[in-house]
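In: Sequence first, predicted coordinates after that:
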Amino acid sequence: AYLKAHYGVEFMAALMTHDMEDSDKTFKNFNECRKQGIQVLPPSVNESSAGFAVRGPKILFGLEAVRGTGQKAVEAILKARQDGPFSDLEDLIARVDLHNVNKRVVENLVRSGGFDFSKVSRREMFERIEELLRIFSAQKNVDPNQMSLFGGTTSRPTVPKRPFQLPEWPVNQKLAYEREALGFYISGHPLEKFRGDLKRLGAISTADFKVTKQREVRVGGVVT
């Protein structure tokens with residue numbers, strides 16, 4: 001109680017790290033942060049730790065809490081990051097051990113906002129994942145003992161540049177993908193614009209199901 005009262009951000013970050021393998025508990029802790037006015041930032045491959053970390057008055061989402069990542073994948077990312085921050089998605093794929101960082105890991109990192117710092121739309125990055133993995137996997141599978149004809153070292157493969165950038169996914173689709181990767185919405189919510197209407201109609205949240213004594217309730221949701 002003392003820690004929660006005087007070191008609320010640190011306490012919640014530690015609690016979320018402890019419970020991050022349980023998506024239901026993580027969601028409960030996330031809602032508790034919202035009640036306390038503590039902002040939880042989306043994950044970032046350049047800033048996040050394995051677990052939830054304190055960033056001033058905010059909490060940064062942990063990489064291991066992103067669905068489908070796992071300890072080995074996160075360790076590979078953090079190891080590659082020791083040589084400097086990643087400039088974009090291509091740079092990460094070029095530098096990490098692709099035996100541990102597979103397609104699903106990269107897809108969920110993109111969906112969750114892990115590469116938003118690059119200012120490229122999530123949709124554009126998502127569409128390029130398969131191509132980038134194929135190009136860099138082929139390079140990394142080359143026998144290191146095989147020398148080139150002229151004795152030079154193997155250079156980084158040339159990745160074809162796209163002539164244009166794809167626009168971002170529609171908001172509801174972007175949020176749906178984010179929820180798939182994290183277990184809940186973090187950068188927004190598709191029902192946010194209807195908050196006033198839901199309150200006026202007396203709708204309760206699903207989190208209140210277990211505590212309500214009403215026999216009949218009204219809720220609002222998203223049909224998927």
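Out: That came through, no problem.

In: Quick one, grab the pLDDT at the closest residue to Glu168 other than its chain neighbours.
Out: Spatial nearest neighbour of Glu168, chain neighbours left out: Ser121 (4.2 Å); criterion: Cβ to Cβ, 6 or more residues apart in numbering. Every C-beta, even on glycine, is put in place using the N, C-alpha and C of the backbone. Ser121 carries a pLDDT value of 94.

In: and Ser121, what does it touch?
Out: For Ser121, the contact set (Cβ atoms under 8 Å, 6 or more residues apart in numbering) comprises 165-169.

In: Also Val106?
Out: 89, 92-93, 129, 133.

In: and which of these is nearest to Leu201?
Out: Checking the contacts of Val106 against Leu201 with Cβ to Cβ, the nearest one is Ile129 at 41.2 Å.

In: Isn't Arg95 up against Ala80?
Out: Yes: contact status for Arg95 versus Ala80: in contact at 4.3 Å, counting by Cβ atoms under 8 Å.

In: Now list whatever residues contact both of the two.
Out: By Cβ under 8 Å, 6+ apart, the residues touching both Arg95 and Ala80 are Phe86.

In: Ser205 and Val217 touch, don't they?
Out: No: using Cβ under 8 Å, Ser205 is not in contact with Val217, being 10.0 Å away.

In: low-confidence ranges in this structure?
Out: For the chain, the stretches with pLDDT under 70 are 141-156, 158, 160-164.

In: Can you tell me the centre-most residue of it?
Out: Ser112 (3.1 Å; Cα atoms, centre = their mean).

In: Not counting sequence-adjacent ones, nearest residue to that residue?
Out: Ala181 (4.0 Å).

In: Give me the phi and psi for that neighbour.
Out: phi -80, psi -30 (degrees, to the nearest 10).
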